[in-house]
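Asker: got a sequence here, can you build the structure:
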Amino acid sequence: QQSGRRYNLFLKRRLRIDKRHQSKDSIFFRDGVRRIDFVLSYVDDLNKEWEKKLERRKEFESNLQKAGLELETEDKKESEDGKIYFVKIHAPWEVLITYAEVLNIKVPIRENDIPCTVENPLDCMLAPLRLPEKVMHPEPDYFTAPFSKDKQELYLINDESTFFSPSMRNRIVNYILTRCPYGTEEGKKKFGIKRLLNNGTYSAAYPLHDCQYWKKANDPNCDNERYTLYMEWARFLRFYKEQPLDLIRKYYGEKIGIYFAWLGFYTEMLFLAAVVGLICFLYGLFTMDENMSSKEICDPAIGGEIIMCPLCDRECDYWRLNTTCEPSQYSHLFDNVATLFFAIFMGIWVTLFLEFWKRRQARLKYEWDLVDFEEEQQQLQLRPEYEAKCTQKKKNPVTQEMEPYLPITSQAVRFCISGTTVLFWVSLIIASMIAVIVYRLAVYAAFASLMENTQTLQPISGLLTPQLATSVTASCLNFVIIMILNFLYERIAIWITDMEIPRTHMEYENRLTMKMFLFQFVNYYSSCFYVAFFKGKFVGYPGAYTYMFNRWRNEECDPAGCLIELTTQLTIVMAGKQIWGNIQEAIVPWICNWWGRRKARNNPENLYSRWEQDHDLQIFGALGLFYEYLEMVIQFGFITLFVASFPLAPLLALMNNILEIRVDSWKLTTQYRRPVAAKAHSIGVWQEILNGMAILSVVTNAFIVAFTSDMIPRLVYYYAYSENEDSPMSGYINNSLSMFQISDFPDRNKPKMNPENLIICRYRDYRYPPDHEKKYLHTMQFWHILAAKLAFIIIMEHVVFIVKFFVAWMIPDVPADVKAKIKREKYLTQKILHEYELEKLKERLCQGDKRATEKEFIATEGRMELSRAM
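Answerer: Next up is the predicted model:
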């Protein structure tokens with residue numbers, strides 16, 4: 001019986017559609033003329049607040065109509081599940097021109113006559129990477145001016161229905177929706193769609209996509225821009241093609257457009273860093289057999305005869321140096337002369353990237369009419385949440401109007417709570433890192449004992465040493481902890497930022513950005529900082545080891561150095577984050593949408609309306625771009641802060657970003673509702689964060705080369721201590737290992753067994769032997785090496801900083817041709833506006849308007865002459 005009712009309902013809907021001869025997969029009202037600019041949806045839930053919600057909706061929709069918007073409601077019987085009402089909103093011409101003037105929207109006044117720049121001779125070679133001209137430049141280039149209702153004949157208005165693009169239209173409607181009142185509650189005036197969404201009066205508010213992404217719409221009036229974006233941009237098979245930035249900006253707005261412009265530019269610049277990094281890696285690979293240090297370690301007559309002191313207390317045995325033969329060979333891949341070159345190169349590369357991005361950004365600002373855009377004017381508007389929660393008011397000294405404000409005592413309390421919370425979570429990260437260090441110390445002995453006593457592990461014991469096994473498992477554990485803390489802190493950061501009640505949207509974004517970045521910085525990089533700058537530096541020596549919490553003996557580095565462990569740590573965290581990020585961004589939304597639409601897939605197209613299709617998609621929230629920027633900035637830190645330890649990091653980042661661009665474009669085009677268009681003329685506070693990381697990266701890489709790699713000790717030995725002129729590096733391993741008399745071991749450290757009755761064992765340090773009068777004290781070579789390391793850090797930092805600041809000074813932020821075009825456009829725009837005013841004045845004089853005096857005419861002409869002169 002239930003299935004029969006469903007069938008009858010289906011037939012009624014079919015007859016209704018056939019009668020109208022119009023598919024519901026449309027972006028127009030039922031009349032087929034008025035465009036749907038926005039959609040609101042709600043569900044009639046008969047709970048105790050049902051009547052209150054109904055009143056709010058009636059008042060809100062009535063006020064929208066008073067503001068000039070036109071509404072059309074789809075009854076819940078028309079919806080696929082029979083539960084959801086849809087309110088379609090159309091902004092007529094009169095509303096659009098009114099708010100275009102309020103929002104200072106720039107519109108075309110004349111086609112741009114400035115000639116294009118000279119063609120690049122390499123264009124013919126780059127032709128396979130190009131997209132069709134219609135896709136790259138969907139609109140002609142115009143001179144533009146802010147819209148004014150009084151000068152409509154000045155603008156190139158060919159068709160009122162298409163003069164304002166859909167993204168402009170939804171931006172205007174959203175502006176009205178966020179400010180439209182819906183009544184008074186508890187003595188306070190309530191307004192804005194955000195509050196209505198928060199209190200459940202409406203379930204969703206969104207602009208419509210213009211068509212389905214996999215095929216063009218049947219309506220000839222539809223631009224099918226979503227379909228074009230999917231076919232030319234959002235498919236992975238187009239990964240080698242340039243991005244249609246103008247079309248992205250036209251469809252999604254400047255804020256999303258500038259993110260993809262930045263991501264694309266960052267990816268292009270990574271190509272150079274990846275090539276140089278790969279060359280440095282190949283240099284290490286091809287010179288691996290020539291590395292004297294690993295030769296001596298692997299030589300049975302040298303490394304095989306050197307007995308090393310145990311790596312843990314009591315349980316670990318003495319071991320021969322040649323058991324670390326393979327790790328010492330692999331460490332040469334990253335610890336060689338090319339490492340120094342690459343560290344210096346990356347310090348200069350990051351400056352070039354940031355400076356050239358400023359130039360690219362300046363060009364986009366000109367091309368996208370953002371030169372005079374005042375972001376503060378939009379961003380400094382009071383947040384509805386601020387107005388709702390601040391009951392006290394004071395007079396604004398600028399507008400002389402009463403505005404809500406938060407008392408200084410309340411601000412202080414909120415900041416204290418916020419600061420304490422952030423400090424607690426940062427401390428939690430540090431505690432988790434210490435827990436991982438304790439894990440390293442606790443399980444090392446277990447791995448050493450397991451590998452020594454288990455016969456099945458003997459074949460791989462040369463490759464998988466206890467140090468490497470501990471490092472890999474600890475890195476994986478650390479990554480899991482990072483992701484768990486990250487998941488929890490995201491929600492905490494939003495909660496404490498909301499609790500602070502920031503006054504403006506800009507304040508809110510900046511505060512949240514700094515909290516999230518500070519946390520992510522400590523979360524992702526703390527383990528790398530530990531391996532790079534702390535591990536193996538405070539070990540002590542046999543008989544006088546240092547202990548954590550007086551219980552666990554501090555870790556030692558491999559005889560070949562700690563750099564290979566830093567490489568392992570960096571690779572696991574960086575690669576793991578990228579893989580997990582792509583799973584979260586692509587697979588999770590796809591599964592959610594598939595689950596939500598599983599019933600509707602069987603419905604005919606003309607019964608599954610465009611607004612229902614978009615309603616079933618995921619929401620691209622206000623913080624959607626924030627997470628995209630955060631992900632890329634954290635990756636930027638990996639390839640700059642620790643790149644001296646892993647020259648292949650830029651190559652990994654390049655491959656990830658090629659995928660990232662297509663994943664982001666695919667999910668935005670196919671899996672998410674269309675975001676409300678928003679303007680932005682830069683990447684905002686992220687620019688300052690990138691600048692800070694660029695400066696910090698010079699310091700970290702200098703310290704990595706000096707203290708983590710073995711380059712400086714090898715150079716000191718080469719120039720000051722080598723005794724073999726034919727092979728200066730021979731004898732380095734023996735020179736870098738100190739001697740310890742086994743009888744000097746205290747009971748706490750002494751191994752349980754000494755089957756070979758050894759007398760001396762070796763350890764990695766520069767100390768006097770047991771028979772010297774300065775027994776176990778540091779030798780002069782230790783102090784020479786320390787002085788060389790400090791000198792290297794000072795010299796490298798100063799050289800790189802001087803080159804960085806010189807390059808930044810040499811490269812102007814705005815290209816010369818863009819400056820000229822901006823001046824030319826301003827001049828021509830002023831000339832056009834002045835000529836228009838002069839013509840209007842002449843008309844008034846001819847019509848005998850007494851108010852149009854001869855003096856006014858002369859003054860207008862004089863203003864034109866002055867403009868030409870300037």
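Asker: going forward, measure contacts and count neighbours with C-alpha atoms only.
Answerer: Fine.
Asker: Pro650 touches Gly277, doesn't it?
Answerer: Yes: Pro650 is in contact with Gly277 according to CA atoms under 8 Å; the separation is 7.0 Å.
Asker: the spatially most central residue of the chain in helix, strand or coil?
Answerer: Closest to where the C-alpha atoms of the chain average out (CA atoms, centre = their mean) is Tyr629, at 2.0 Å. Per DSSP: H, G, I helix; E, B strand; the rest coil, the secondary structure class of Tyr629 is helix.
Asker: what residues are up against it?
Answerer: 259, 686 (CA atoms under 8 Å, 6 or more residues apart in numbering).
Asker: list of residues touching stretch 137-144?
Answerer: Against stretch 137-144 from outside (CA under 8 Å, 6+ apart): 106-112, 244, 246-247, 369, 825, 829.
Asker: mind giving me the PyMOL select for those residues, buried ones only?
Answerer: Burial among these is assessed by 16 or more other CA atoms under 10 Å; the matching PyMOL selection reads:
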select buried, resi 106+107+108+109+110+244+246+247+369+825+829
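Asker: just put the contacts of stretch 137-144 in a markdown table and tack on distance to Thr470, secondary structure and pLDDT.
Answerer: Output for the contacts of stretch 137-144, formatted as a markdown table (distance: CA to CA, whole Å; DSSP: H, G, I helix; E, B strand; the rest coil; pLDDT from 0 to 100):
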| residue | distance to Thr470 | secondary structure | pLDDT |
| --- | --- | --- | --- |
| Lys106 | 61 | strand | 88 |
| Val107 | 63 | strand | 88 |
| Pro108 | 65 | strand | 88 |
| Ile109 | 68 | strand | 85 |
| Arg110 | 68 | strand | 82 |
| Glu111 | 66 | strand | 80 |
| Asn112 | 64 | coil | 77 |
| Pro244 | 47 | coil | 94 |
| Asp246 | 51 | helix | 93 |
| Leu247 | 51 | helix | 94 |
| Asp369 | 56 | coil | 86 |
| Glu825 | 64 | helix | 82 |
| Thr829 | 68 | helix | 81 |
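Asker: can you lay out the contacts of stretch 137-144 as CSV showing distance to Arg748?
Answerer: What follows is the contacts of stretch 137-144, written out as CSV (distance: CA to CA, whole Å):
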residue, distance to Arg748
Lys106, 79
Val107, 81
Pro108, 83
Ile109, 86
Arg110, 87
Glu111, 85
Asn112, 83
Pro244, 68
Asp246, 71
Leu247, 71
Asp369, 74
Glu825, 81
Thr829, 85
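Asker: farthest-separated two in the contacts of stretch 137-144?
Answerer: Spatial extent of the contacts of stretch 137-144 (CA to CA) is set by the pair Pro244 and Thr829 at 27.5 Å.
Asker: in this protein, which helix or strand is least confident?
Answerer: The helix or strand of the chain with the lowest confidence, counting by mean pLDDT, DSSP states H and E, is helix 2-20 at a mean of 43.
Asker: what's the first helix or strand after that one?
Answerer: Next in sequence after helix 2-20, counting helices and strands by DSSP states H and E, comes strand 38-43.
Asker: buried ones in that following strand, by neighbour count?
Answerer: 38-42.
Asker: out of these, which is nearest to Gly347?
Answerer: Phe38 (47.8 Å).
Asker: and the closest one, how close does it get to Phe163?
Answerer: 18 Å (CA to CA, to the nearest Å).
Asker: again, but for Pro140
Answerer: Pro140 is 13 Å from Phe163, by CA to CA.
Asker: higher neighbour count, these two?
Answerer: Phe163 (17 against 9; other CA atoms under 10 Å).
Asker: ok, and the closest non-adjacent residue to the more buried one?
Answerer: Sequence neighbours aside, Ile157 is the residue nearest to Phe163 in space, at 6.1 Å (criterion: CA to CA, 6 or more residues apart in numbering).
Asker: ok so the one you found is a strand residue?
Answerer: No: the assignment for Ile157 by three-state DSSP gives coil, which leaves it out of any strand.
Asker: in stretch 191-204, what's buried?
Answerer: For stretch 191-204, by 16+ other CA under 10 Å, it's 191-197, 200-204.
Asker: enumerate every residue touching Phe281.
Answerer: With CA under 8 Å, 6+ apart, Phe281 has these contacts: 333-334, 647-648.
Asker: can you give me the strands for the stretch 101-250 of the chain?
Answerer: Taking DSSP state E, counting those that start in this stretch to define them, one finds strands in the stretch 101-250 of the chain at 106-111, 142-146, 181-185, 188-191, 204-206.
Asker: same thing with the stretch 351-500 of the chain?
Answerer: 393-395, 402-404.
Asker: which residues sit against the last one?
Answerer: Meaning strand 402-404. Taking CA under 8 Å, 6+ apart as the rule, strand 402-404 contacts 386-387, 390-396.
Asker: shouldn't Val436 be in contact with Val480?
Answerer: No: Val436 lies out of contact with Val480 (CA under 8 Å); the separation is 11.1 Å.
Asker: looking at the two now, which is surrounded by more residues?
Answerer: A direct count of neighbours by other CA under 10 Å for Val436 and Val480 places Val436 higher, at 19 against 15.
Asker: pLDDT score for the more buried one?
Answerer: On the pLDDT scale, Val436 is placed at 86.
Asker: for it, which residues are in contact?
Answerer: Taking CA under 8 Å, 6+ apart, one finds 474, 477-478 in contact with Val436.
Asker: what's the neighbour count on the nearest residue to Trp349 once chain neighbours are set aside?
Answerer: Distance criterion CA to CA, 6+ apart; nearest residue to Trp349, sequence neighbours excluded, is Ala273 at 7.3 Å. Counted by other CA under 10 Å, the residues lying close to Ala273 total 23.
Asker: surely Ala273 meets Val350?
Answerer: No: counting by CA under 8 Å, Val350 is not a contact partner of Ala273; they are 9.4 Å apart.
Asker: buried set for stretch 663-677?
Answerer: Within stretch 663-677, judged by 16+ other CA under 10 Å, the buried ones are 663-677.
Asker: and those residues, which is closest to Gly68?
Answerer: Val676 (20.0 Å).
Asker: buried ones among the contacts of strand 402-404?
Answerer: 386-387.
Asker: ok so, going back, check contacts around the residue nearest to Trp349.
Answerer: Ala273 sits in contact with 346, 349, 650-651, where contact means CA under 8 Å, 6+ apart.
Asker: what about the strand or helix carrying it, average pLDDT?
Answerer: Assigned by DSSP H and E, Ala273 belongs to helix 254-286. Here helix 254-286 scores 94 as its mean pLDDT.
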